[in-house]
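[1] Sequence plus the predicted model coming up.
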Amino acid sequence: MRDTLLFRTHQLCLPILFFYLFLFASAAQAQLVAPERTYVSEFQYRGPCEVAVSNDGEFVYFVEQDANAVSLLCTVDNKVKSTIGMPATPTGICISPDGSKLYITCAAPEGVVCVVESASGEITSTIPVGHSARRPCIHPNGETLYVCNRFDNDISVVDLKAGKEVRRVPAAREPFDSAITPDGKTLFVSNHLPKDSSDSYDVAAIVSCIDTMTFDTTEVRMLNGVTDLAGICISGDGKFVYTVSLLARYQMPTTQLERGWMNTNALSILNANTKEFVNTVLLDDIDLGAANATDVISSSDGTQIYVSHSGTHEISVIDAGGMMEKILSLPPDQDALQASGTNHDINTSYSSSTGEEVPNDLAFLVGLRQRVKLEGNGPRGLAVFEDLLYVAEYFTDTIACIDLGDIPRPRVEQIPIGPTPQLTIERQGEIYFHDAGLCFQHWQSCASCHPDARVDALNWDLMNDGMGNPKNVKSMLLALHTPPAMISGIRADGETAVRAGIRHIQFAVRPEEDSQAIDAYIYALEPVSSPCLIDGRLSEAAERGRLLFENDDIGCSRCHPAPLYTDMEMHDVSSRGQYDRRDTFDTPTLVEVWRTYPYLHDGRYVTMEELLGEGNHGNAAAKLNEEGLADLTEYVLSL
């Protein structure tokens, strides 16, 4: 019922494609240096993205993604005391229960956990885990570490005494963050993107609930339209799970932005004991979006929730008790409301009369949430100690320290962790790509529909080729190298599409220099190595698949020639759907295609196996036996 009424405030429900042209950037590389020595990067950006506070509150550790380092800030004078170089891009940090060790994930095709002695800053060991490891979470007993292997779609279980991975637990799609209950019995994992065919009615990301004893997994589906699922945490009292995301109104025509018509930004709640969905509340105001909710944490006593908004450069401080009391007091739906005989007065009580109305209620948190503006740009990771909230501000190379004891007028101190960054045009474009301040009423940034400059796994109905013909979001990788742009080829090139996106999706008028900077950022994007590769090379099956791909009788390489793996032409591949007005569609690049499912212009096939087999794309199924299809699939997914 909650799915049926999710968009009840909107009267028009047409399926759609939000073809948004923008994205998230690649981190710079740096040299590994000896521990305990101040680290000086040859690159100008630090890129703080995650933060953790020592058990006594004396030190703040922050992960510097662009500098390949983790630094130590003394809270007495707010000065950086030391920096440790990391062997690859660091993506997360957690502290052992006794405070003696730091566990730092480093993202690479062969990801690792660096074990660091907190007293000396020495890396004592590294533990191999999975592809693009991130957001480590430690069991309360201090003996087991859990790591999200984003592109392996699983969780590493690490025995810290043995110093090795002992198990992999499957997740849904792109496990992004995790949190464990205080009793250590359940690990909750936020999966970044939906794994559905995007031409279906209900498309939503999933929270995986893993029993830490049996490793049995329960999947809790979020509301229809939830994507970009990011940070997740357990409430201070252990009763609830909070996770933040985008709540996309992807079944609406993209004709306006007012009142969250296209995108809203949300906090979803689960019952930690029953592992059941409770509700989703909106973090926006009626006429002002709070774009790109990125991280969420709870105060130790559970009375407050803190959310970072990387698109609007602010923090939400939410009265957790008041919010949950309000949610739990509502009957679940209209039938329950009528059965209760309650005379709900919207003027004297709540704006929502039932629980199913809450996800559409932009006024639900009025009086329960305060928006705290930050001086820095791109807030991401959060950590709290008593009344102090620390925020990693990615683009300004700063850490914000917010004194929560001064609510409703919190004092915000901005702490520089390096010299003021001098922006290249590519970096400025990356900032614009992630900045909802460029958008009318700040509802969304380019990264809303193109997280990491890739896909949100949804179909959107853009107005550039008529109404009522939804299409799947495309990755921005190589988008400016492979004209024409848009799946229908309606834009001559990617540069034209960037400017059209600012006008017709952001509903804004911006200087030409902004578009040129975004162009530079998109041009600079680099592919991530496929998880199907073995030590960076094709597997034996993929090598056999390569020969099939290049075989003239099979014909794959005619439309997808190397090195871009597209001929940049329009082709009829018999994919016209019931809403389409054309037979031909732009040939997409196959570079990084392993990451950008579902497939075809309307996202009807979730896997490459389905596309080549059931879909007989390129007549592959008619020409190859089962083994040949498997080999061809392995090769394509290795590109």
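    On my side now, so go ahead.

[2] Which residue would you name as the spatial centre of this protein?
    Asp228 (4.1 Å; Cα atoms, centre = their mean).

[3] doesn't His450 make contact with that residue?
    No. With contact defined as Cβ atoms under 8 Å, Asp228 does not count as touching His450 (9.9 Å). Every residue, glycine included, has its C-beta placed from N, CA and C.

[4] which parts of the lowest-mean-pLDDT helix or strand in the chain are buried?
    Within the chain, no helix or strand scores below helix 334-340, which has a mean of 82 by mean pLDDT, DSSP states H and E. For helix 334-340, the neighbour count (16 or more other Cβ atoms under 10 Å) marks Leu337 as buried.

[5] Could you tell me the average pLDDT over the helix or strand that it is followed by, please?
    Under the assignment DSSP states H and E, the closest C-terminal helix or strand after helix 334-340 is strand 369-373. The average pLDDT within strand 369-373 is 96.

[6] Same check on stretch 463-473?
    91.

[7] Would you indicate which residues of it are buried?
    Within stretch 463-473, the residues that qualify as buried are 464-465, 469-473, counting by 16+ other Cβ under 10 Å.

[8] where does Cys94 land in three-state SS?
    Here Cys94 is strand, with the state taken from DSSP: H, G, I helix; E, B strand; the rest coil.

[9] dump the residue contacts of it.
    52, 102-103, 136-138, 145 (Cβ atoms under 8 Å, 6 or more residues apart in numbering).

[10] related to what we said a few turns ago, need the overlap of contacts for Asp228 and His450.
    Residues within reach of Asp228 and of His450 at once, by Cβ under 8 Å, 6+ apart, are Asp456.

[11] per-residue confidence at the residue of the chain most remote from its centre?
    Farthest-out residue of the chain from its mean C-alpha position, per Cα atoms, centre = their mean: Gly341, at 42.3 Å. Looking at Gly341, its pLDDT is 74.

[12] what's in contact with the least confident helix or strand of the chain?
    Under Cβ under 8 Å, 6+ apart, the answer for helix 334-340 is 331, 344, 353-354, 356.

[13] Now Asn292: phi and psi?
    When quoted as degrees, to the nearest 10, the phi and psi of Asn292 stand at phi 60, psi 60.

[14] scratch that, Ala171 is what I was asking about
    Taking degrees, to the nearest 10 as the convention, Ala171 sits at phi -110, psi -160.

[15] OK, contacts around the residue nearest to the centre of the chain?
    192-193, 205, 245-246, 292, 448, 451, 456.

[16] now those residues as JSON lines including secondary structure, neighbour count and distance to Asn271?
    Shown next, in JSON lines, are the contacts of Asp228 (DSSP: H, G, I helix; E, B strand; the rest coil; neighbours: other Cβ atoms under 10 Å; distance: Cβ to Cβ, whole Å):
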{"residue": "His192", "secondary structure": "coil", "neighbour count": "24", "distance to Asn271": "22"}
{"residue": "Leu193", "secondary structure": "coil", "neighbour count": "24", "distance to Asn271": "24"}
{"residue": "Ala205", "secondary structure": "coil", "neighbour count": "30", "distance to Asn271": "18"}
{"residue": "Ser245", "secondary structure": "strand", "neighbour count": "31", "distance to Asn271": "18"}
{"residue": "Leu246", "secondary structure": "strand", "neighbour count": "26", "distance to Asn271": "23"}
{"residue": "Asn292", "secondary structure": "coil", "neighbour count": "30", "distance to Asn271": "26"}
{"residue": "Ser448", "secondary structure": "helix", "neighbour count": "27", "distance to Asn271": "28"}
{"residue": "Pro451", "secondary structure": "helix", "neighbour count": "26", "distance to Asn271": "27"}
{"residue": "Asp456", "secondary structure": "coil", "neighbour count": "27", "distance to Asn271": "27"}
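
[17] between these, which is nearest Glu325?
    Ser245 (23.0 Å; Cβ to Cβ).

[18] residues contacting the residue lying closest to Ala133 once chain neighbours are set aside?
    In space, and not counting its chain neighbours, Ala133 is closest to Gly111: 3.1 Å by Cβ to Cβ, 6 or more residues apart in numbering. By Cβ under 8 Å, 6+ apart, the residues touching Gly111 are 88, 105, 128-133, 147, 149.

[19] ok, 10 Å please
    With contact set as Cβ atoms under 10 Å, 6 or more residues apart in numbering, Gly111 has these partners: 88-89, 91, 105, 127-134, 147-152, 156.

[20] Compute the distance between it and Asp152, please.
    Distance, Gly111 to Asp152, by Cβ to Cβ, to the nearest Å: 9 Å.

[21] returning to what we had before: CSV for the contacts of Asp228, including distance to Cys556 and pLDDT?
    CSV is the format used below for the contacts of Asp228 (distance: Cβ to Cβ, whole Å; pLDDT from 0 to 100):
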residue, distance to Cys556, pLDDT
His192, 29, 98
Leu193, 26, 98
Ala205, 31, 98
Ser245, 36, 98
Leu246, 34, 98
Asn292, 37, 98
Ser448, 33, 97
Pro451, 29, 97
Asp456, 27, 97
